[in-house]
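[1] structure here, sequence nowhere to be found:
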């Protein structure tokens with residue numbers, strides 16, 4: 001993982017208009033040190049290694065705020081699992097339903113040609129593609 005300093009986290013939060021707190025700095029460090037796809041509980045566990053005082057509720061509330069501010073993307077990979085993606089630019093995902101691993105698909109692995117006709121009075125917000133796979137059991 002790259003070293004993502006407190007100064008980096010503070011600059012990121014301020015540029016997004018997020019009030020800076022110790023807890024938010026620690027959460028940002030976990031999310032932005034490298035591209036990640038982590039659940040809220042995985043983020044909480046990582047944060048607690050350096051900041052044991054950070055509560056689960058603080059992590060969940062901060063993730064909601066980060067999502068609203070477009071610092072992370074929420075990926076609904078299955079009905080029981082949400083992961084937070086630190087890469088907010090448009091891209092697609094591969095989700096292994098057996099292992100829980102989520103990874104980015106490279107641009108040359110999947111392409112979308114065109115967009116659907118949208119209902120009158122609507123605009124396209126985003127296209128979310130998650131390719132779901134299972135391990136082969138021969």
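    On my side now, so go ahead. No experiment lies behind these values; they were computed from the predicted model shown. Residues are numbered from 1 along each chain as shown.
[2] how about the residue nearest in space to the middle of the chain: what's its closest non-neighbour residue?
    By CA atoms, centre = their mean, the mean C-alpha position of the chain lies nearest to residue 85, the distance being 1.8 Å. Counting by CB to CB, 6 or more residues apart in numbering, the nearest residue to residue 85 once its immediate chain neighbours are dropped is residue 73, at 4.3 Å. All C-beta atoms are positioned from the backbone trio N, CA, C, and that covers glycine.
[3] again, but for residue 22
    residue 51 (6.9 Å).
[4] and for residue 4?
    residue 33 (4.0 Å).
[5] one more: residue 39?
    Nearest to residue 39 is residue 83, by CB to CB, 6+ apart, at 5.5 Å.
[6] what's stretch 9-19 in contact with?
    Outside stretch 9-19, the residues within contact range by CB atoms under 8 Å, 6 or more residues apart in numbering are 20, 24, 25, 26, 28, 29, 32, 65, 66, 69, 70, 71.
[7] go again with 7 Å.
    20, 24, 25, 28, 29, 32, 65, 69, 71 (CB atoms under 7 Å, 6 or more residues apart in numbering).
[8] the residue lying closest to the last one once chain neighbours are set aside and residue 36, how far apart?
    It refers to residue 71. What sits nearest to residue 71 in space, not counting adjacent residues and going by CB to CB, 6+ apart, is residue 16, at 5.5 Å. Using CB to CB, to the nearest Å, we find residue 16 at a distance of 18 Å from residue 36.
[9] now residue 65
    18 Å.
[10] check residue 126 too.
    20 Å.
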